[in-house]
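*Asks:* Requesting a structural model of the entry that follows:
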Amino acid sequence: DLHAEVWNAMGIAYKASQQTQDAVRCFQQTLVLKPGDSHALAHLASLDALLPQQQSSIHTFDADYVQGLFDGYSARFEQELVHTLDYKGHQWVAGELVGFWNNGVSSPAAAGAPAAAGVLRTVVDLGCGTGLVGSELVRHLDPSFLITLIGIDLSERMVEHARLRTYHDSSVYQQVLQTDAETYLRTLPKDSVDAIVAADVFIYVGDLEGILMASARALIPAGLVVCSLELTPEGGSSPLMVLLPSGRFGHSKRYMADLAKRAGFEIMSWKEGVLRQQHGTPVFGAVAVLQKKK
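*Replies:* Below you'll find the model as predicted:
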């Protein structure tokens, strides 16, 4: 809706000039014209100006918003995220999978089998971006392991970057596709993937039930999901999943535990720490390792 886009643009301009009340008015007008607009909701969250009914009704972002966000961010993505914001999510996620596999904790091909070199493993990197997680994996996994690494991203420009990513003159990814993560997982044969990694992805998905159910279907028995999350505020009355002032979704450990159980996973590891910086303030997150039950 053109009129909604105009109100959004006005809100962004007011926000940039620190005219908060005018910015809130513009974003709320956007929602009158286009209810559920992800751009307006994310900005209102960052201004701590979501109405209670808006906060309780938003469960995900629409794909167009996420695609546009990262298409526009792609050129400066790594410099800003890794070097300016001191982002650690890609290292956390890759490090957990590398640790589990290099130490023989989970099966590469069959439930209960010891980890073994020479077995081809398929890894799907959801929201692969420019290829940060993929690069960490190929750099640190035992070189005797054979992996097929598939990158998935909504952003066309991120996909272009990931396809060009190399390590020792070889492509990091064997395939990179521009598509929605859950949709892609549902196209895969059942029990066909050894691991699914997702760094800084679920924070833009929100409600994770669909994607974890699709992951459980695609994974082999004892297959792994390794993901990073931002955390909800602590406290007994805090919501299990909420749109945070960062403009991204936060999840609680209880939310993940309940959903993992319903989807047929066991949480094998949960580690918390500072995921990144934002406006000079630490952003606390977690990396979780979920294993599909045998």
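*Asks:* so where does the closest residue to Gly247 other than its chain neighbours fall, helix or strand?
*Replies:* Excluding its sequence neighbours, the residue lying closest to Gly247 (CB to CB, 6 or more residues apart in numbering) is Ala42, at 3.9 Å. Glycine gets a C-beta too; all of them are placed from N, C-alpha and C. Assigned by DSSP states H and E, Ala42 falls within helix 38-46.
*Asks:* Low-confidence stretches in the stretch 51-200 of the chain?
*Replies:* 105-118 (pLDDT under 70).
*Asks:* Do you have the helices of it handy? List them.
*Replies:* 52-57, 63-73, 77-78, 89-102, 132-140, 156-164, 181-187 (DSSP state H, counting those that start in this stretch).
*Asks:* Using CSV, lay out those helices together with mean neighbour count and distance to Gly210.
*Replies:* Listed next are these as CSV, based on neighbours: other CB atoms under 10 Å; distance: least, CB to CB, whole Å:
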stretch, mean neighbour count, distance to Gly210
helix 52-57, 12, 17
helix 63-73, 16, 13
helix 77-78, 18, 26
helix 89-102, 21, 20
helix 132-140, 23, 21
helix 156-164, 19, 22
helix 181-187, 17, 5
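*Asks:* okay, these in TSV with distance to Cys26 next?
*Replies:* What follows is those, written out as TSV (distance: least, CB to CB, whole Å):
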stretch	distance to Cys26
helix 52-57	15
helix 63-73	17
helix 77-78	27
helix 89-102	32
helix 132-140	34
helix 156-164	27
helix 181-187	31
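*Asks:* Select, out of the ones you listed, the one closest to Ala263.
*Replies:* Smallest distance to Ala263 across these (CB to CB): 12.0 Å, for helix 181-187.
*Asks:* what packs against that closest one?
*Replies:* Contact here means 3 or more CB pairs under 8 Å, 6 or more residues apart in numbering; DSSP states H and E; on that basis helix 181-187 packs against strand 120-126, helix 209-218.
*Asks:* just how off-centre is it within its chain?
*Replies:* Centroid displacement of helix 181-187 relative to its chain, using CA atoms, centre = their mean, to the nearest Å, is 14 Å.
*Asks:* quick one: which of the helices of the stretch 51-200 of the chain is nearest Ala222?
*Replies:* The minimum distance between Ala222 and the helices of the stretch 51-200 of the chain falls on helix 89-102, with 10.4 Å, by CB to CB.
*Asks:* quick one: contacts for the residue nearest to Thr60 when sequence neighbours are not counted?
*Replies:* Distances taken as CB to CB, 6+ apart place Gly206 nearest to Thr60, at 4.0 Å, with adjacent residues excluded. The contact partners of Gly206, taken as CB atoms under 8 Å, 6 or more residues apart in numbering, are Ile58, His59, Thr60, Phe61, Met241, Leu243, Phe249.
*Asks:* roughly how far apart are Gly206 and Thr183?
*Replies:* Counting by CB to CB, to the nearest Å, the gap from Gly206 to Thr183 is 16 Å.
*Asks:* now Gly280
*Replies:* Gly280 is 38 Å from Thr183, by CB to CB.
*Asks:* try Asp142
*Replies:* 32 Å.
*Asks:* ok and the helix or strand harbouring Ala4 relative to helix 38-46, angle-wise?
*Replies:* With secondary structure defined by DSSP H and E, Ala4 is part of helix 2-16. Orientation of helix 2-16 against helix 38-46 (axes from the mean of the first three to the mean of the last three CA atoms, to 10 degrees) gives an angle of 30 degrees.
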